[in-house]
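**Q** Sequence and predicted structure are below.
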Amino acid sequence: MRSRKLKLTIVLGLVVIASTGVNAHMGATGVVKQRMDAMSDMGDAMKAMGNMVKGKQAFDPEAIASYTEVLEKHSSTLLEFFPDTDESRHGKETEALPKIWESWERFEELSNKFVMSVSELKKGAANGLDKRSFRILYSKTAKSCSSCHDDYRRPKE
């Protein structure tokens, strides 16, 4: 019963979070919208886990496992969201910088590191993380995630 309530809570939370992101993506279409939606989903999952790390939300291994599913789903296809096309590079509302395609091999390397860190976090969640292990694996994943944002995403205004 507890697991069912937890899943319902997570789904409802993600729906609320996703609906607040709709305005941020107004005007985006095609692969740019897909990319922005995937990034929002991953950002929401990272934020929820970050709240656990900060003690703003109770440590919940079942929720962590659900969040890692979201991360794995999108990180495994991340590079597909960045085709070298006009729409992808210059699409309306894109936050991606041209540097992605100018230094593709480095971008690909960072993406692969993110995929590996997500895999480690997911494996840890499946094996019953304790708080300390979660903090370590979450921090590694968060650093990997932000390493791309620092160099390849337009700064937020």
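**A** Looks like it arrived, so ask away. These numbers were taken from a predicted model, which means no experiment stands behind them. Numbering: from 1, shown residues only.

**Q** Could you use CA atoms for every contact and neighbour count after this?
**A** Noted.

**Q** Could you give the average pLDDT over stretch 84-99?
**A** Averaging pLDDT along stretch 84-99 gives 85.

**Q** Could I get the buried residue list for it?
**A** Buried residues in stretch 84-99, counting neighbours by 16 or more other C-alpha atoms under 10 Å, are found at 88-89, 91-92, 94-98.

**Q** likewise stretch 30-47?
**A** Those buried within stretch 30-47 under the rule 16+ other C-alpha under 10 Å are 31-33, 35-46.

**Q** again with stretch 133-141
**A** So for stretch 133-141, counting by 16+ other C-alpha under 10 Å, buried means 134-135, 137-141.

**Q** Out of the buried residues of stretch 30-47, name the ones that lie in helices.
**A** The members of these that map onto helices under DSSP state H are 31-33, 35-46.

**Q** Show me the two of those that sit farthest apart.
**A** Greatest spatial distance in those: Val31 and Met46, 22.1 Å, computed using C-alpha to C-alpha.

**Q** So of the buried residues of stretch 84-99, which two are at opposite extremes in space?
**A** So for the buried residues of stretch 84-99, where distance means C-alpha to C-alpha, the most widely separated pair is Lys92 and Pro98, at 13.9 Å.

**Q** Looks to me like Thr141 is in a strand.
**A** No: applying DSSP: H, G, I helix; E, B strand; the rest coil, one finds Thr141 to be helix, outside a strand.

**Q** Distance check, it against Arg154.
**A** For Thr141, the distance to Arg154 (C-alpha to C-alpha, to the nearest Å) stands at 21 Å.
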